[in-house]
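Predicted model and sequence below, questions to follow.
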Amino acid sequence: MKLNFDHDAKLNSRRFSDCELGHLGAARLINVFNSPSDPVFAKATAEKALTKLEAQLIDQDYLVANKISLADFAIYSYVAHAPEGDVSLAPYPNVRRWLTNIEGLRGFVAMPATKAGLVA
């Protein structure tokens with residue numbers, strides 16, 4: 001597997017890692033670790049971010065230049081574990097396909113799931 005490290009890939013990678021996807025983690029923290037964050041805000045913001053991600057993945061298998069990149073790895077766990085924060089991935093078929101693409105990579109090892117939220 002060869003990662004995409006060109007300049008445009010770095011810019012696009014930053015766009016995804018800095019956007020609202022951090023709220024996917026916040027929603028999970030609320031359920032898994034009883035974080036004092038606002039669950040309604042975290043879930044709404046996570047769903048907004050997933051909607052953007054869904055649109056980005058309409059015609060491509062990965063986030064940047066249709067090649068596996070650091071951007072994919074940077075946000076994979078946040079997205080894959082969104083259901084632990086009560087954020088369903090059901091409305092996002094392109095996001096689910098993207099997760100499957102990453103999970104199918106040679107040597108892939110998933111972060112263990114926590115029995116919280118929608119996976120409890």
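Alright, I've got the coordinates.

Tell me which residue is most central in the protein.
Nearest to the geometric centre of the chain sits V79, at 2.5 Å (Cα atoms, centre = their mean).

wait, doesn't that residue sit right on L99?
Yes. In terms of Cβ atoms under 8 Å, V79 counts as a neighbour of L99; the distance is 6.5 Å. C-beta coordinates here come from the backbone N, C-alpha and C atoms, glycine included.

Now list whatever residues contact both of those two.
L89 (Cβ atoms under 8 Å, 6 or more residues apart in numbering).

Show the contacting residues for K43.
K43 makes contact with 27, 85-87, according to Cβ under 8 Å, 6+ apart.

What's the per-residue pLDDT of the residue nearest to the centre of the chain here?
pLDDT, V79: 94.

residues touching it, list them.
Contacts for V79 were tallied using Cβ under 8 Å, 6+ apart; they are 21, 24, 50, 53, 89, 95, 98-99.

Sort out which one of the residues you listed lies nearest A116 for me.
L24 (13.4 Å; Cβ to Cβ).
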